[in-house]
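**Student:** this one's sequence-less:
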């Protein structure tokens, strides 16, 4: 196949460089095939297959959403403003009982459209019917890190099935779709998965050389139950005691942590995924992100599922992360705009072992262009990060490129029929509600 | 002048009805001149001057932003992530020293564009060079409640000047622009205005029959200073002791309140303006909004100025209000989507004494249409309020109507040249920065 190239002219480039720092410069950027091949003044236009004038645009890495349940987009707004137990028992689980591979495929297309239209190029998912999710990711052109939500409640038969499902996902989809899809193990949490399951996940993850995606320390109840059920051990202490913790683990939420647990996260190189909207909406609490960052722990950002957020917009997540960090510590200097941009890009890429998340020659071309010529983005005074974190919204994204391929341009989806996806999603949730009503 | 009419067909109508409740129905709505004149099934199309098909849209009242400093839009992103003192002394005040009526006019046009494009039809402002702001409001077609930020620091000469300025604003602009502009007194706060100033504001407000806009109880420092400087009185106790409190006062922030102060707010019919983004970004704290609402106090929403937010988007403010309310009380049931929609519309209209904020025949036609056919708004499961508060962003607004006149349609500004405003705003802030540099 011949090389394909895209030349982006004269963009204001925002490059997250790690350690909470960014650099800004105005240059041209050339994409050849799936990679960034040149960043320079006045790159020659004659060989480019496509040229984009980005004079009024900010160029930055596509966002990395480190924790979601993409197909739950179908359950957006199914129920809100409830206690967690009521919400799960009376609303979420009865609907999830009617999921199918087709519905999860449609839900994944809906969620992927929303993510692409708000600048996300990679997401890490944990859910069910993952063949459907993989099919959607393959077709739409995003990068997906997929895990199956393993829940055994201590029942051996169920446990066997969960390993069958997650290992099938890994065998069928890991490193497929030109490398855009990777797979992981997804033990749901320490309160839904047994110690036997967790111990075996560690062994299988080593065997298959894949990562692990798990919910950790989300609610105070989880901590108290862990101490009661596991000889006084808090959740991270429990995982440490079985040798589970390593630098291939991404732990979502991490809201309630004590100093000993923070040390375990740090010493074992565990990655944290901060999910401020979900934590606030479900009233779980405020994660000690400023403390984690100050200890050098790599914290990414995640939206969680659309039914506890209720969107998949990383701009929302960045602003909530910055503002919750300040409000919960009463310190306006923590979680600066630059730190939060790092969390949403380079940190997430590190957590998911993706060769993207920065604007450097040789990196995968996962890039977005944000329209800076709108009232909410005017003027641009301090840093590009300031307007992106505090002023922008997802609809300011103009163009989304993943793996060197344009997925959205001028806010129009390129790889899929958006109208068809919206109507299919409406049909799917209507059918699921009918099935659910027939239960009663 | 002949009557002008707009017929909006087949809209999903969200009507906030007070007390945290909403109603939803699908009907046609007819606007004649500045008012809603009919809400019905199949309204006759033959007499309408303009027909809008709203089949895929949510129709709701335009938002009422109860606390902002609109011309500060020019100072968006001037400095972030700093202690309040550093931010004010080293960044905001040195720039404000170079304000002029022209810059405040341009800043007001910029802020008004942003508000109209994110669905706000009324804002309550407190700032300087208010003739420039009034001119912008008149031209662009919004509804503005304008006050001059009165600061005397106890100096009599300064105090006289502040009354001259604010009374001039009232005389020149109150009830102008077809009633779209009203004026109020704007004593800045109890820590910048003397007791003499505050006492006289009460008298003059009664004399001119206008309301009062004031910052109250924003930071813990303000409470401690008040007690130290005013015989142990907290800010609301101080105002109560001079007979200042009444049902024409809108108190912005109201973060740090004790039970006695909440009772004073309630007993005197004072309105509160909740500003969650600003309170979180400046790490001021979390206002006890759930408690205020449960006491029957009327709480509106406000963005504060763009330099401490950093946008004027009431969708951001609604989501932050709901999620901060839940997170700060660890109770997911408080500040429901419906309550927050009420805060952003009908409550604000009550606070500002505006005959709008609901969708009823006879009310002023301050109406927005929100595009519901986008990935982040699909599906629409629970209530219209859920998707509006938790999933939407300002750019989902399609059409904004104020006083019966279309200000934005299909996301294009109708009454002003948006491109020109953006370029003028960039020029203004560039000039202000040059003037500021020349100071040093």
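**Tutor:** Done, it's in. All values derive from a computational prediction rather than experimental measurement.
**Student:** and the worst-scoring helix or strand of chain A on mean pLDDT, what's buried?
**Tutor:** Lowest by mean pLDDT, DSSP states H and E among the helices and strands of chain A is helix A:84-86, with a mean of 88. Residues residue A:84 are the ones in helix A:84-86 that count as buried (16 or more other C-beta atoms under 10 Å in any protein chain shown). Just so you know, the C-beta spots here come from the backbone N, C-alpha and C atoms, and that holds for glycine as well.
**Student:** how far away is residue A:251 from residue A:16?
**Tutor:** Residue A:251 sits at a distance of 22 Å from residue A:16 (criterion: C-beta to C-beta, to the nearest Å).
**Student:** wasn't residue A:399 part of a helix?
**Tutor:** No - according to DSSP: H, G, I helix; E, B strand; the rest coil, residue A:399 belongs to no helix; its state is strand.
**Student:** I'd like the distance between it and residue A:406.
**Tutor:** Here the criterion is C-beta to C-beta. By it, residue A:399 lies 7 Å from residue A:406.
**Student:** which one's more surrounded, those two?
**Tutor:** residue A:399 (24 against 17; other C-beta atoms under 10 Å in any protein chain shown).
**Student:** can you pull the contacts of the closest residue to the more buried one other than its chain neighbours?
**Tutor:** Nearest residue to residue A:399, sequence neighbours excluded (C-beta to C-beta, 6 or more residues apart in numbering or on different chains): residue A:369, at 4.0 Å. Counting by C-beta atoms under 8 Å, 6 or more residues apart in numbering or on different chains, residue A:369 makes contact with A:8, A:11, A:52, A:54, A:57, A:58, A:59, A:397, A:398, A:399.
**Student:** pLDDT score assigned to residue A:1?
**Tutor:** Note for residue A:1: predicted pLDDT of 57.
**Student:** kindly report the same for residue A:290.
**Tutor:** So residue A:290 comes in at 98 (pLDDT).
**Student:** what strand or helix carries it?
**Tutor:** Assessed by DSSP states H and E, residue A:290 sits inside helix A:289-294.
**Student:** what's the answer for residue A:59, then?
**Tutor:** strand A:57-61.
**Student:** could you list the low-pLDDT ranges of chain A?
**Tutor:** A:1 (pLDDT under 70).
**Student:** could you give the residue of it that lies closest to chain B?
**Tutor:** Residue nearest to chain B within chain A: residue A:395 (3.4 Å; C-beta to the nearest C-beta).
**Student:** distance check, that residue against residue B:396.
**Tutor:** On the measure of C-beta to C-beta, residue A:395 and residue B:396 end up 7 Å apart.
**Student:** give me the next element, helix or strand, following the least confident helix or strand of chain A.
**Tutor:** Using DSSP H and E, the next helix or strand after helix A:84-86 towards the C-terminus is helix A:93-96.
**Student:** wait, doesn't residue A:183 sit right on residue A:173?
**Tutor:** Yes - using C-beta atoms under 8 Å, residue A:183 is in contact with residue A:173, at 5.2 Å.
**Student:** quick check: which element contains residue A:369?
**Tutor:** strand A:367-371.
**Student:** next one: residue A:13
**Tutor:** For residue A:13, the host element (DSSP H and E) is strand A:5-18.
**Student:** elements contacting the following helix or strand past that strand?
**Tutor:** As assigned by DSSP H and E, the chain's next helix or strand after strand A:5-18 is strand A:21-32. For strand A:21-32, the packing partners by 3 or more C-beta pairs under 8 Å, 6 or more residues apart in numbering or on different chains; DSSP states H and E come out as strand A:5-18, strand A:35-40, helix A:337-342, helix A:384-386.
**Student:** now the first one against strand A:367-371, angle please.
**Tutor:** Translated: strand A:5-18. 90 degrees (axes from the mean of the first three to the mean of the last three C-alpha atoms, to 10 degrees).
**Student:** hmm, the strand holding residue A:13 in reach of chain B?
**Tutor:** No - judged by C-beta under 8 Å from any C-beta of the partner chain, strand A:5-18 makes no contact with chain B; its nearest approach is 13.4 Å.
**Student:** which parts of that strand are buried?
**Tutor:** A:5, A:6, A:7, A:8, A:9, A:10, A:11, A:12, A:13, A:14, A:15, A:16.
**Student:** is the second one in contact with residue A:49, as I believe?
**Tutor:** Yes - here residue A:6 reaches residue A:49: they are 6.8 Å apart, a contact under C-beta under 8 Å.
**Student:** who's in contact with the residue of chain A closest to chain B?
**Tutor:** Contact partners of residue A:395, counting by C-beta under 8 Å, 6+ apart, are A:117, A:118, A:411, B:393, B:394, B:395, B:396.
**Student:** closest to residue A:281 out of those residues?
**Tutor:** Nearest to residue A:281 out of those is residue B:393 (C-beta to C-beta; 16.1 Å).
**Student:** need the nearest residue in space to the residue positioned nearest the centre of chain A, chain neighbours excluded.
**Tutor:** Taking C-alpha atoms, centre = their mean, the centroid of chain A lies closest to residue A:65, which sits 1.8 Å from it. Closest residue to residue A:65 apart from its sequence neighbours, by C-beta to C-beta, 6+ apart: residue A:123 at 4.2 Å.
**Student:** cool, residue A:208 as well?
**Tutor:** Using C-beta to C-beta, 6+ apart, the closest residue to residue A:208 is residue A:170 (5.4 Å).
**Student:** which residues touch that neighbour?
**Tutor:** Contacts of residue A:170 (C-beta under 8 Å, 6+ apart): A:183, A:184, A:185, A:208, A:210.
**Student:** and if we set it to 6 Å?
**Tutor:** A:183, A:208, A:210 (C-beta atoms under 6 Å, 6 or more residues apart in numbering or on different chains).
**Student:** fine, thanks again, bye for now.
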